[in-house]
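> got a structure for you, letters missing:
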């Protein structure tokens, strides 16, 4: 009797060990951003024994498929509340990956479009651009990028230009033909920086510029979003792009669904993942700075960003007075030489935090900071995060 009960018990445990939990996964694969999201979801699912992902394709009826398999949850690109409600009414847990606003009770994960716009603005400002324009459309995430881009420029006393010559400008460049955009590219002041809603639009601007014999980046610099290999490399001029953390978005969405299924505590609002970095290619390689002294100074700062350089080191390379150098920097960049040195140290430190496992003290020294505390204070002031918190954003749990 004992052996029979033990065998039954072992059989039950074995059955539980091999029990499958089906999860619906909705991830189009037509853009690299979506493919990265899919990779992140798969990475998290691989950590869960027994989880089986039901991949949903356009030709399928997703709800019917998930009901047939008894799916516990669904995660992926879900922008329509009506679809989400149908899953919920069928008892299926839902986490939406969406850059659109959804009802407060719907769990949502997305890249932070507002932060994308700010990063783009800071990037162009750092290159010395004063004539800037946004190429977007009227969808929600594009409006967010436009708003934050304009707001950040305004903080530096720069007004974002407009494609439209009407009194009330439109931002939706999709309503304009290539001929109109070509004419405006000729008319707008130079050097011009163009921030595009995504890499597809960035490639379009680069191609129009090539057809019009407008030099990229010497006359017009172009920056996209997504770091999509196809569009960035297919553009007439290789396209610089804001890299958004698609893999992290997918991973966090699947992790959130796991918490929801398990009954664990979940966040109140959407989870927004910050952009990683601007990946520089040829389309933005030329700084918009005519002042040769400032250009030489910036080259020296970039080359020595990993050393504890000072303004005195700059003056040893650039034969002018401290006051004159300060005046040149303020006129060209809107900031002092010391602020530019600090900015170079910080950008290098952030890169090391993202791309290496070096301890924080080593990162600080390699980025030219005098102490670990100096890095802590600087990055906290810039991002609101400690070095460890900043790094954690870019590592999958």
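Looks like it came in fine. All of these numbers come straight from a predicted model, not from anything done at the bench. Numbering: from 1, shown residues only.

> only C-alpha atoms for contact and neighbour calcs from this point on.
Noted.

> Helices of the stretch 101-250 of the chain, start to end?
Assigned by DSSP state H, counting those that start in this stretch, the stretch 101-250 of the chain shows helices spanning 113-126, 140-155, 178-187, 199-211, 229-234, 246-262.

> Out of those, which gets nearest to residue 292?
Nearest to residue 292 among the helices of the stretch 101-250 of the chain is helix 113-126; the distance by Cα to Cα comes to 15.9 Å.

> could you give the mean pLDDT of that closest one?
For helix 113-126, the mean per-residue pLDDT is 94.

> so what secondary structure elements neighbour it?
Packing partners of helix 113-126 (3 or more Cα pairs under 8 Å, 6 or more residues apart in numbering; DSSP states H and E): helix 140-155, strand 240-243, strand 277-279.

> Counting neighbours, which bits of that helix end up buried?
113-121, 123-126 (16 or more other Cα atoms under 10 Å).

> returning to what we had before: looking at the helices of the stretch 101-250 of the chain, spot the one closest to residue 290.
helix 113-126 (14.0 Å).

> starting at the chain centroid, how far to that closest one?
10 Å (Cα atoms, centre = their mean, to the nearest Å).

> Burial check on the nearest residue to residue 72 once chain neighbours are set aside, number of neighbours?
Spatial nearest neighbour of residue 72, chain neighbours left out: residue 92 (5.5 Å); criterion: Cα to Cα, 6 or more residues apart in numbering. By the measure other Cα atoms under 10 Å, the count of residues near residue 92 is 21.

> What segments of the stretch 251-397 of the chain are helices?
Using DSSP H, counting those that start in this stretch, helices in the stretch 251-397 of the chain cover 292-303, 311-317, 322-333, 337-355, 360-366, 372-383, 387-392.

> will you turn those helices into JSON lines that also has mean pLDDT and distance to residue 235?
What follows is the helices of the stretch 251-397 of the chain, written out as JSON lines (pLDDT from 0 to 100; distance: least, Cα to Cα, whole Å):
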{"stretch": "helix 292-303", "mean pLDDT": "86", "distance to residue 235": "27"}
{"stretch": "helix 311-317", "mean pLDDT": "92", "distance to residue 235": "37"}
{"stretch": "helix 322-333", "mean pLDDT": "89", "distance to residue 235": "29"}
{"stretch": "helix 337-355", "mean pLDDT": "90", "distance to residue 235": "26"}
{"stretch": "helix 360-366", "mean pLDDT": "95", "distance to residue 235": "35"}
{"stretch": "helix 372-383", "mean pLDDT": "92", "distance to residue 235": "32"}
{"stretch": "helix 387-392", "mean pLDDT": "88", "distance to residue 235": "32"}
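
> Could you say which one of those comes nearest to residue 141?
Comparing the helices of the stretch 251-397 of the chain by Cα to Cα, helix 372-383 comes nearest, at 21.6 Å.

> which element follows the helix or strand of the chain with the lowest mean pLDDT toward the C-terminus?
Among the helices and strands of the chain, helix 2-17 carries the lowest confidence by mean pLDDT, DSSP states H and E, at a mean of 39. Later in the chain than helix 2-17, the nearest helix or strand by DSSP states H and E is strand 21-26.

> That next one: partners in the sheet, and parallel or antiparallel?
Paired with strand 21-26 in the same sheet, following DSSP bridges, are strand 51-56 (parallel), strand 73-77 (parallel).

> and those, which one's lowest on average pLDDT?
strand 51-56 (a mean of 90).

> what's the following helix or strand after that strand?
For strand 51-56, the succeeding helix or strand toward the C-terminus, using DSSP H and E, is helix 62-69.

> now for that next one, which elements pack on it?
Partner elements for helix 62-69 (3+ Cα pairs under 8 Å, 6+ apart): strand 21-26.

> Swap in 10 Å and give it another go.
strand 21-26, strand 51-56, strand 73-77, helix 81-89 (3 or more Cα pairs under 10 Å, 6 or more residues apart in numbering; DSSP states H and E).

> deepest of those, which one?
strand 73-77 (a mean of 25; mean count of other Cα atoms under 10 Å).

> and that strand with helix 62-69, angle?
150 degrees (axes from the mean of the first three to the mean of the last three Cα atoms, to 10 degrees).

> Can you give the distance from strand 73-77 to the centre of its chain?
21 Å.

> before we move on, what about stretch 327-337?
With Cα atoms, centre = their mean, you get 28 Å for stretch 327-337.

> Pull the contacting residues for residue 337.
294, 297-298, 301, 310-311, 314, 322, 325-330, 343 (Cα atoms under 10 Å, 6 or more residues apart in numbering).

> Quick check on those residues: which are buried?
By 16+ other Cα under 10 Å, those give 294, 297, 298, 301, 311, 314, 325, 326, 328, 329, 343 as buried.

> what is the residue nearest to residue 281 when sequence neighbours are not counted paired to in the beta sheet?
Distances taken as Cα to Cα, 6+ apart put residue 240 closest to residue 281, at 4.6 Å, once the chain neighbours are dropped. In this entry, residue 240 is beta-bridged to residue 223, by DSSP bridges.

> ok, so what distance separates residue 69 from residue 77?
Per Cα to Cα, to the nearest Å, residue 69 is found 20 Å from residue 77.
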